[in-house]
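Visitor: need a structure here:
(one chain, ligands or ions: 2)
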Amino acid sequence: MVSIPIALEGQRHEVIVGAGASSEAPALAAGRDRVAILADRRVAALHGPLIDGASTLEVDAGEPLKSMDGLAQVLDFCAAAGLSRGSLLVAYGGGTVGDLGGLAASLFKRGLDVLQVPTTLLAQVDASVGGKTAINLPAGKNLAGSFHQPAGVLCDTALLATLSDAEFSSGLGEVIKTSIIGGEAALGQTEELMGSLIERDPRALTAVVEACVRVKAQVVVSDPEERGPRRALNLGHTFAHAIESAAGYGAVPHGVAVGVGLGLAARAAEATCGAPSELTERTVLLLERAGLPSSLGALRGVYGLEERLTPAALRAGLAHDKKGAVGAPEFVLARGAGDVIMGQPLDEDLLAELLA
Ligand SMILES: NC(=O)c1ccc[n+]([C@@H]2O[C@H](COP(=O)([O-])OP(=O)(O)OC[C@H]3O[C@@H](n4cnc5c(N)ncnc54)[C@H](O)[C@@H]3O)[C@@H](O)[C@H]2O)c1
Ligand SMILES: [Zn+2]
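Guide: Ligands and ions are numbered 1, 2, ... in the order given. Here you go, the predicted structure:
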């Protein structure tokens, strides 16, 4: 197991990565007056209770959980469990449980410590690190949230054995994104280990989750509240959000949309900022090896979404992306491995070609 320290705003916590990392939870909870667990019902059934004797609220994971009702339920649970500001709330599940648990912890009694125990690949490499929390509003995804750094993160790669193939591949979309942002060493390692990753080889998983956490931690420490450099983590995401919105939320898993977004961003970078075609080829090959579509054509075919993912619907989805001004979407593009530029506009002709 490896431990990655994250020092932010006068606080320091560790992300522990490796098979068996979740068995550290009881030790991290020791010394707290009370401990309560927000658990994904499926994860608790598959992998057991995490900390014996702790009050536990089991919930059904998924976007509907990240709602006002879900938040109220968790806050009421914190109150019923008698938590004080010195207590610990543990979020044990995928990114939806982590986002909700983190937000509830940031609100209960004006701030309670949260221990993140992410159980999906996506949550281990992305959602659990960096302190962003959120719920959805009827007006859109992640519109109400906070920054609340966790007291610790336990990325137990052994828990990933029970993930469905679809959820696992979706997580690989974010792995590939983070590897490109990380630079040649991270990208090269992901290329080398992709075959073992899809076999869910524990050593490969631990090496790659560790590398992704290191990349994300470095970016987050440079910009904890996403005022600038942290937006690099949105590589491929302007296209991905347009795909998710045109398809209807939930129709295409987030990481799958990110994968197609990476393919499109690579082509855009080649056309506008001198990125080598080799980077596009490496990106496409990695996506294919991960079982992910790398183009809109492939995505439409796999999901039968030809009627929804039209160029016009995608263009409208881009216009609504919250990261850019209405009508003038901005893109994060990679000129090379580890060389990411932000705030790039793309001209309408190129957009039309990419969205065709
Ligand atoms: N806060 C951030 O910085 C950040 C970053 C990226 C994504 N997110 C958020 O993360 C969410 C997506 O996370 P997710 O993909 O983990 O979704 P999720 O929590 O819905 O989990 C996906 C599915 O996997 C199941 N599952 C979880 N762990 C499992 C395991 N070990 N074995 C078997 N099944 C398991 C869940 O029950 C669920 O059905 C989105 O809401 C997104 O907005 C947040
Ligand atoms: Zn993402």
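
Visitor: burial count for the residue nearest to Glu225 when sequence neighbours are not counted?
Guide: Distances taken as Cβ to Cβ, 6 or more residues apart in numbering place Phe147 nearest to Glu225, at 5.7 Å, with adjacent residues excluded. Where C-beta positions appear, they are placed from N, C-alpha and C, glycine not excepted. Phe147 is flanked by 16 other residues according to other Cβ atoms under 10 Å.

Visitor: and Phe147, what does it touch?
Guide: Phe147 is in contact with Ser106, Gly131, Lys132, Thr133, Pro224, Glu225, counting by Cβ atoms under 8 Å, 6 or more residues apart in numbering.

Visitor: can you map out the strands along the stretch 201-350 of the chain?
Guide: Assigned by DSSP state E, counting those that start in this stretch, the stretch 201-350 of the chain shows strands spanning 331-336, 339-344.

Visitor: among those strands, which is nearest ligand 1?
Guide: In terms of Cβ to the nearest ligand atom, the element of these nearest to ligand 1 is strand 331-336, at 14.8 Å.

Visitor: how far away from the center of its chain is the closest one?
Guide: 19 Å (Cα atoms, centre = their mean, to the nearest Å).

Visitor: what's the angle from that strand to strand 339-344?
Guide: Here the directions of strand 331-336 and strand 339-344 differ by 160 degrees (axes from the mean of the first three to the mean of the last three Cα atoms, to 10 degrees).

Visitor: with only the CA atoms kept, save strand 331-336 in PDB.
Guide: Provided in PDB are the C-alpha atoms of strand 331-336 (Å, rounded to 0.1, in the frame of the first residue of the first chain):
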ATOM      1  CA  PHE A 331     -12.200  23.600 -24.500                       C
ATOM      2  CA  VAL A 332      -9.300  22.100 -22.600                       C
ATOM      3  CA  LEU A 333      -6.800  20.600 -25.100                       C
ATOM      4  CA  ALA A 334      -3.600  18.600 -24.800                       C
ATOM      5  CA  ARG A 335      -0.800  19.800 -27.100                       C
ATOM      6  CA  GLY A 336       1.200  16.800 -25.800                       C
END
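
Visitor: quick one: strands adjacent to that strand?
Guide: Under the criterion DSSP bridges, strand 331-336 sits next to strand 339-344 (antiparallel) in its sheet.

Visitor: in the strand it pairs with, what counts as buried?
Guide: Asp339, Val340, Ile341, Met342, Gln344 (16 or more other Cβ atoms under 10 Å).

Visitor: contacts only, for Glu14.
Guide: For Glu14, the contacting residues are Ser3, Ile4, Pro5, Ile6, Gly152, Val153, by Cβ under 8 Å, 6+ apart.

Visitor: please read the previous query as pertaining to Ser87.
Guide: For Ser87, the contact set (Cβ under 8 Å, 6+ apart) comprises Arg32, Asp33, Arg34, Val35, Ala36, Ala81, Leu112, Asp113.

Visitor: same question for Thr272.
Guide: Thr272 touches Leu333, Gln344, Leu346, Leu350, counting by Cβ under 8 Å, 6+ apart.

Visitor: buried members of those into PyMOL, please.
Guide: The PyMOL command for the buried members of the contacts of Thr272 (criterion: 16+ other Cβ under 10 Å) is given here:
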select buried, resi 333+344+346
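
Visitor: now the contacts of Thr272 in CSV, with pLDDT?
Guide: Shown next, in CSV, are the contacts of Thr272 (pLDDT from 0 to 100):
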residue, pLDDT
Leu333, 97
Gln344, 94
Leu346, 95
Leu350, 97
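
Visitor: per-residue pLDDT, the residue of the stretch 201-350 of the chain found nearest ligand 1?
Guide: Residue nearest to ligand 1 within the stretch 201-350 of the chain: His254 (6.0 Å; Cβ to the nearest ligand atom). His254 is assigned 93 on the pLDDT scale.

Visitor: doesn't Ala240 make contact with it?
Guide: Yes: contact criterion Cβ atoms under 8 Å: His254 and Ala240 qualify, at 7.0 Å.

Visitor: which bits of the stretch 1-150 of the chain sit near ligand 1?
Guide: Proximity of the stretch 1-150 of the chain to ligand 1 (Cβ under 6 Å from any ligand atom) is limited to residues 40, 42-43, 46, 61-63, 66, 93-97, 99, 119-120, 122-123, 126-127, 130, 132, 142.

Visitor: for the stretch 151-300 of the chain, same thing?
Guide: So the stretch 151-300 of the chain meets ligand 1 at Leu159, Thr162, Leu163, Glu167, His254 (Cβ under 6 Å from any ligand atom).

Visitor: list only buried entries from those.
Guide: Of these, these count as buried by 16+ other Cβ under 10 Å: Leu159, Leu163, Glu167, His254.

Visitor: any chance of those in CSV, with secondary structure too?
Guide: Supplementary listing: those in CSV, determined by DSSP: H, G, I helix; E, B strand; the rest coil:
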residue, secondary structure
Leu159, helix
Leu163, coil
Glu167, helix
His254, helix
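
Visitor: of these, which pair is most distant in space?
Guide: Leu159 and His254 (19.3 Å; Cβ to Cβ).
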